[in-house]
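J.: could you look at this predicted model? Sequence included:
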2 protein chains.
Amino acid sequence: MKKLVVLTLAAAISAGMTAQDKNGGYNITQVPFTKVKVAQNTFWGQRLQASQDVTIPLAFSKNEETGRYSNFSNAAEHLKDPSKVFQIKEGTFSFDDTDPYKTIEGASYLLQTYPNAKFKGGRLDKYVDSVIAVIASGQEPDGYLYTSRTQNPEHPHPWAGKKRWEMVEDLSHEFYNLGHLCEAAVAHYYATGKRNLLDIAIKYADCVCREVGDNPGQASVVPGHQIAEMGLAKLYIATGDKKYLEQAKFFLDKRGKRDASWGGNENGQYDEKGYFHSHGLYDKGGYLHKLNQYSQSHKPVVEQDEAVGHAVRAGYMYAGMADIAALTGDQSYIDAIDRIWENIVSRKFYITGGVGATASGEAFGRNYELPNMTAYCETCAAIAQVYLNYRLFLLHGDSKYYDALERNLYNGVISGISIDGGNFFYPNPLESAGQHRRQPWFGCACCPSNAARFIPSLPQYIYAVKDNSLYINLFNSNTVNVQVGKKKVELEQQTNYPWDGDVTLKINGGAGEYALNIRIPGWVRGEVVPSDLYAFADGKQLGYTVKVNGQPVEGELQQGYFVIDRKWKKGDKVEVHFDMEPRVVRANDKVEADRGRVSVERGPIVYCAEWCDNQFDISTMIVNQKPQFQLGDKEIMSTNVKTLTTDAQSLLRDEHGKLQTADQHLVLIPYYAWAHRGAGKMSVWLPQSIVTLSVQGGKKR
Amino acid sequence: MKKLVVLTLAAAISAGMTAQDKNGGYNITQVPFTKVKVAQNTFWGQRLQASQDVTIPLAFSKNEETGRYSNFSNAAEHLKDPSKVFQIKEGTFSFDDTDPYKTIEGASYLLQTYPNAKFKGGRLDKYVDSVIAVIASGQEPDGYLYTSRTQNPEHPHPWAGKKRWEMVEDLSHEFYNLGHLCEAAVAHYYATGKRNLLDIAIKYADCVCREVGDNPGQASVVPGHQIAEMGLAKLYIATGDKKYLEQAKFFLDKRGKRDASWGGNENGQYDEKGYFHSHGLYDKGGYLHKLNQYSQSHKPVVEQDEAVGHAVRAGYMYAGMADIAALTGDQSYIDAIDRIWENIVSRKFYITGGVGATASGEAFGRNYELPNMTAYCETCAAIAQVYLNYRLFLLHGDSKYYDALERNLYNGVISGISIDGGNFFYPNPLESAGQHRRQPWFGCACCPSNAARFIPSLPQYIYAVKDNSLYINLFNSNTVNVQVGKKKVELEQQTNYPWDGDVTLKINGGAGEYALNIRIPGWVRGEVVPSDLYAFADGKQLGYTVKVNGQPVEGELQQGYFVIDRKWKKGDKVEVHFDMEPRVVRANDKVEADRGRVSVERGPIVYCAEWCDNQFDISTMIVNQKPQFQLGDKEIMSTNVKTLTTDAQSLLRDEHGKLQTADQHLVLIPYYAWAHRGAGKMSVWLPQSIVTLSVQGGKKR
């Protein structure tokens, strides 16, 4: 039933679109998560279950509790009776409307898999429809949807500005709200076939397209917080209406450019709320134009070559540039994000796949500035990196983007979401003195609501198709039904990855000639990340083997993929084995915080030392020069994790204050699993050097 | 003879000036270095001798060698024959003219003490006169003096700008050159009575007063690099012409203020030479106005409360504000520099008295950002702090400013100048892996030429007078002749300070009633710096005693001074004793770089560990929890220094890679004396904690 609706609409709009546009314009075809069934009681099966059982219900409940819905119903009341206004509450944000949008997006993925899912004893889809109805009620007649203003136009949220779009490059987030609305609306439409949220998004997007641009009478402004670029691209793909694509392109192309004729200027200043407004200029329309790295508006996007500023805004913008490049073929966008990606992975990428070194501005730091305890590594920024890495793979087909993505996923992303799906980290530091605690929600709720929308979409990142090739990018137990060339292929993947390195692929349907492109992870091939930012301590490569129907096969890797191009028949079996020896990693000496330290990995998992697994003060440890590891098991939050134990030594002072060493067994756990058993010390980077002064380096910063 | 000239001029101009103006406007009267004879073969006597024998001759020679003089003679040739132009040499700076000015300033101090000093076999005063004649020849007829343009007006130095003053807030340094010219001219005039350099300065200053200001047709711009404020204040005091004072005040008051009517804008950008031009605005006259912290023009000077940006510019500006405040009585200046000084000593002050945490922008860092190996601590910035601390003392009379000044002087300033006066550090790091070496000169020669002018002026910082009180601020063997109230006092100071803590003051002339205000250093009173930035590890106070003619006297300290107000007679003797026990210092835990570390001081001297005094790798040391010290002696560059030796332990690995500890004798030397015996490891902050992770702190930055 729902498929029919989608196809009908698709048919109606296809006249104006190319087939490639319908695939987002990318050369490589995405395999949507609906085609992939992840097995239960597996690594990702458990996470998907937690998302369904805990995160999404929690997010909806928090939306209710914290007045996210009443913002819309208040706006509706004001629209009915303009004498009614509602005071904006202290401590609320101008982007609070996005939390319901993001939760609906997550719920839509859920509904696509489980159309009869329940919530609060009733049907989840009915609940979602009721939320959408409330959202619709708060939309102004011309489509403008922004409860921070509509509830109380004379005294809107302090970040809203006096009029529409006035503060959108700064704090109002009107376009950020639009972006998340589009993302949610398209997901909901694809999942359910219903247009109720899509029509709201179209109406708001039309309002923006009318009022914002370079024509006379329009506000010539760009998003202060990006995501509208990705959202509008999706809206274009869903509707075929090219103006959304053009609007997204305007948002990118106008960024960082200023008319020489603009008068007046405003230096940085603090407003009465204590918020800092940095360098910007008001144009003759009274709109504030930001000229800063914080929102990546310091120069035109196609001239940028370093990842700077707010790490979520940045990641969303780069991902949006990939989307627009794919749809328009604009090579200058691709050149820019290629340069920026190189900068990230070679200068600004934590070993955990987190990005954003500094809490100040929630931002990328300087090149090689990667402090551990004060690492910001916002969960949303790690998710944004998944978006970017995925799109760069779709553009270029190189597995190195998946090496980065897998690192994001198994470490920096899921460290932000507790194993049971009910507690969250906003920043994800790589070292703790015990001051960090997971929380069930945040006033600024971007991270948990992003988790609610991201985790259910995970299955879409496992496979991809190009022409006659099926890419196997991530490893977990699942089945997939997918069109490869002219064949309908049914493939089954069985593995205990990431805990062991054996992956079996079975052809359950789809006989014929096509290729399986099996990703051989960078960590197998001796590469920590695709740059000299990190290196394995002993420089060694691990081994891997591939067998087809029990017979070893060999081949050169193509862009990091082991390609088996042959005639397949039902029952064919491919067995892949990756060596899973623990690996010791050193950082480039330019990374001050990691000098004299090592980190430990096994498979895609980065390990850490946590207080509760060790009988001694881990902050006094020194690990061996060539540490050996024993593999073990431990239960953390009702899930099994593999531990690594190694001999180490700790320093202590005897009763005379004299320095002594003591032999210790140091137990390491997966980084993502830390902070589930109370607060205490933790470190990813383990001291190994006996050098007590920081004399190893000393380059000028 | 020369005194007569000064008095004659002073009489001629005194009609327009108050008596206090002639004293720089300060409540406390400076005792010029000409009144103080520092004994030879003492700590400072050796430095003064080295300045005379080595630094000043070296500076003059370098000026010749590097074309500093030919810039002026080239300008002269162009002025005579405009068809002659001279290509600006690569690697030169738009402030190279200041090196001769600064050297003449140092030489003037020398000439005042030794009018018959020699240079290159001839008389130094004749040589200086010949340099002044060359300088005069390069001055344009209307007074403009800037060889970077006059040599080649069509193709001036790339930093000069196309027309006068156009780039003065940025890179041209036209006002910086004026400032150093005034400083040198006034010093030379006072020292020799000759007007030859003074007239050049007056002519250039008159040109600036005519062409720069807020009147129609004037360029409304301020110095990109400050010092003109101090220089013009001195020119006012020397000439009585109030317009110089007004111009200095304009430079301060205009800073950080912008007319709302200015059109156009220019975002930060790199020019073709690779120099970054940050946020600034061109006014309608085409002048670039900088709006940034780098040059302290981010807001009006009286609204500033944090030391930011380029640390030399900042120090000179704050000192200039003190000068103008003293002369004008403007309390808002004093309030601002009081706030800024509190910020410096409580957040941005190295234990060595150095300032400027970061090479990037040669600038102050964030609060508590005080890295050791990458510490910039430019020698010029430490000298600028002496200027500032001295002036704050002259304003407020509190000894805490001298505590800071003494710390600057014995550590961060003289670490920049080798003991023999012939090699220099530009940055003065607190830790080295052996990558740092003193150099005989620098292409950007500000630091050695600043040393050439600063060291000879040292004696002026020893004493000061207010009404009936004589301040004894610094301790060294010398004699002083000074007017205190109505008495002409002749005082002799005898001490081996800083190596021991006994100071004897003898009244050799000037019987009568007056007070001696003897500074009791903060380090005696249990205070490292006047804030919670550093503290003595054991919290203990040292003792001090004061005897008059052998009889102990007691008294409360007044603003940190032990005041003996009595009737003195010739032959009276005051004996002061300071306990000189070594002290262990800890930094505020917010200073990340110093966590788990201690530094060691004795008297005013900060100590360090250097490679060449120790039999083990000092980068593996851990000092004891309660270190005890033995005092020793060592000869470094033909001077005797006191060493401190303590028991410590080092870490090492045995042949199996297993961690071991070894007992060591750790020898410490005065920080200023490091890097005289080859390049190797050095550290001021000594590891004491056994914590190998940085888990002690973890505050967000």
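T.: Looks like it arrived, so ask away.
J.: pLDDT of stretch A:440-455, averaged?
T.: The average pLDDT for stretch A:440-455 rounds to 87.
J.: got it, and stretch A:82-90?
T.: Model confidence over stretch A:82-90, given as mean pLDDT, is 93.
J.: mind checking the end-to-end distance for it?
T.: In terms of C-alpha to C-alpha, to the nearest Å, the two terminal residues of stretch A:82-90 are separated by 22 Å.
J.: buried residues, that stretch. List them.
T.: Neighbour counts over stretch A:82-90 (16 or more other C-beta atoms under 10 Å in any protein chain shown) mark A:85, A:86, A:88 as buried. Placement of C-beta: from N, CA and C, glycine included.
J.: what's the answer for stretch A:213-223, then?
T.: Applying a neighbour-count criterion of 16+ other C-beta under 10 Å, the buried positions in stretch A:213-223 are A:213, A:219, A:220, A:221, A:222, A:223.
J.: and which of the residues you listed is nearest residue A:136?
T.: Proximity of the buried residues of stretch A:213-223 to residue A:136 (C-beta to C-beta) peaks at residue A:223, which lies at 23.4 Å.
J.: quick one: residues contacting the most centrally placed residue in chain A.
T.: Closest residue to the average C-alpha location of chain A: residue A:383 at 1.0 Å, with C-alpha atoms, centre = their mean. The contact partners of residue A:383, by C-beta atoms under 8 Å, 6 or more residues apart in numbering or on different chains, come to A:315, A:408, A:413, A:450, A:451, A:454.
J.: do that again at 6 Å, thanks
T.: Neighbour list for residue A:383: A:413, A:450, A:454 [criterion: C-beta atoms under 6 Å, 6 or more residues apart in numbering or on different chains].
J.: over to residue A:197?
T.: Under the criterion of C-beta under 6 Å, 6+ apart, the neighbours of residue A:197 are A:132, A:185, A:188.
J.: Throw the residues you listed into JSON lines and include pLDDT, thanks.
T.: Formatted as JSON lines, these follow (pLDDT from 0 to 100):
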{"residue": "A:132", "pLDDT": "98"}
{"residue": "A:185", "pLDDT": "97"}
{"residue": "A:188", "pLDDT": "95"}
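J.: ranking those residues by neighbours, who comes first?
T.: Counting by other C-beta atoms under 10 Å in any protein chain shown, residue A:185 has the largest number of neighbours within the contacts of residue A:197, with 31 neighbours.
J.: in terms of contact, does that residue touch residue A:201 like I think?
T.: Yes. In this structure, residue A:185 sits in contact with residue A:201. The criterion is C-beta atoms under 6 Å, and the distance is 3.6 Å.
J.: how near is residue A:494 to chain B?
T.: Remark: distance between residue A:494 and chain B (C-beta to the nearest C-beta, to the nearest Å) = 40 Å.
J.: kindly report the same for residue A:444.
T.: With C-beta to the nearest C-beta as the criterion, residue A:444 and chain B are 15 Å apart.
J.: grab the nearest non-local neighbour of that residue.
T.: Distances taken as C-beta to C-beta, 6 or more residues apart in numbering or on different chains put residue A:93 closest to residue A:444, at 5.9 Å, once the chain neighbours are dropped.
J.: still on that earlier bit, return the item of the buried residues of stretch A:213-223 having minimum pLDDT.
T.: Ranked by pLDDT, the buried residues of stretch A:213-223 bottom out at residue A:220 (88).
J.: residues touching it, list them.
T.: residue A:214.
J.: kindly report the same for residue A:662.
T.: Contact criterion C-beta under 6 Å, 6+ apart gives A:650, A:652 as the residues in contact with residue A:662.
J.: what about chain B: which of the contacts of residue A:383 touch it?
T.: Residues shared between these and the neighbourhood of chain B: none [C-beta under 6 Å from any C-beta of the partner chain].
J.: mind listing which of the residues you listed are in helices?
T.: Secondary structure from DSSP state H places A:450, A:454 of those in helices.
J.: who touches stretch A:508-519?
T.: Residues contacting stretch A:508-519 (C-beta under 6 Å, 6+ apart): A:399, A:402, A:468-473, A:484-485, A:487-490, A:492, A:561-565, A:567, A:569-570, A:576.
J.: and the residues you listed, which are buried?
T.: The neighbour-count test (16+ other C-beta under 10 Å) applied to those identifies A:399, A:402, A:469-473, A:484-485, A:487, A:489, A:492, A:561-564, A:576 as buried.
J.: in helices, which of those residues fall?
T.: Secondary structure assignment (DSSP H) places residue A:402 from the buried ones among the contacts of stretch A:508-519 within helices.
J.: the buried ones among the contacts of stretch A:508-519 in strands, which ones?
T.: For these, the ones inside strands are A:469-472, A:484, A:487, A:489, A:492, A:561-564, A:576, with DSSP state E as the criterion.
J.: my guess is residue A:572 contacts residue A:504. True?
T.: No. With the criterion set as C-beta under 6 Å, residue A:572 and residue A:504 do not qualify as a contacting pair; they are 11.1 Å apart.
J.: who has more neighbours out of the two?
T.: For residue A:572 versus residue A:504, the count of surrounding residues by other C-beta under 10 Å is larger for residue A:572: 18 against 15.
J.: so what pLDDT did the more buried one get?
T.: Residue A:572 is assigned a predicted lDDT (pLDDT) of 98.
J.: grab the nearest non-local neighbour of it.
T.: Distances taken as C-beta to C-beta, 6+ apart put residue A:507 closest to residue A:572, at 4.3 Å, once the chain neighbours are dropped.
J.: what's the answer for residue A:504, then?
T.: Take residue A:504 and drop its neighbours on the chain: the residue closest to it by C-beta to C-beta, 6+ apart is residue A:494, 4.5 Å away.
J.: tell me the SS of that neighbour?
T.: For residue A:494, the secondary-structure state derived from DSSP: H, G, I helix; E, B strand; the rest coil is strand.
J.: picking up where we left off before, was I right to think the residue nearest to residue A:572 contacts residue A:566?
T.: No. With contact defined as C-beta under 6 Å, residue A:507 does not reach residue A:566; the gap is 10.6 Å.
J.: in terms of neighbours, single out the busier of the two.
T.: The residue with more neighbours, out of residue A:507 and residue A:566 and counting by other C-beta under 10 Å, is residue A:507; that gives 20 against 14.
J.: and the lengthiest strand in chain A, what does it pack onto?
T.: Residue-count comparison of every strand in chain A, with assignments taken from DSSP E, identifies strand A:639-653 as the longest. The helices and strands touching strand A:639-653, judged by 3 or more C-beta pairs under 6 Å, 6 or more residues apart in numbering or on different chains; DSSP states H and E, are strand A:621-623, strand A:630-636, strand A:659-670.
J.: and for residue A:657, the neighbour number?
T.: Other residues within reach of residue A:657 by the criterion other C-beta under 10 Å amount to 10.
J.: just the pLDDT at the nearest residue to residue A:40 once chain neighbours are set aside, thanks.
T.: Across the structure, with C-beta to C-beta, 6+ apart as the measure, the residue nearest residue A:40 apart from its sequence neighbours is residue A:49 (6.7 Å). Predicted confidence (pLDDT) for residue A:49: 94.
J.: good, we can wrap up now.
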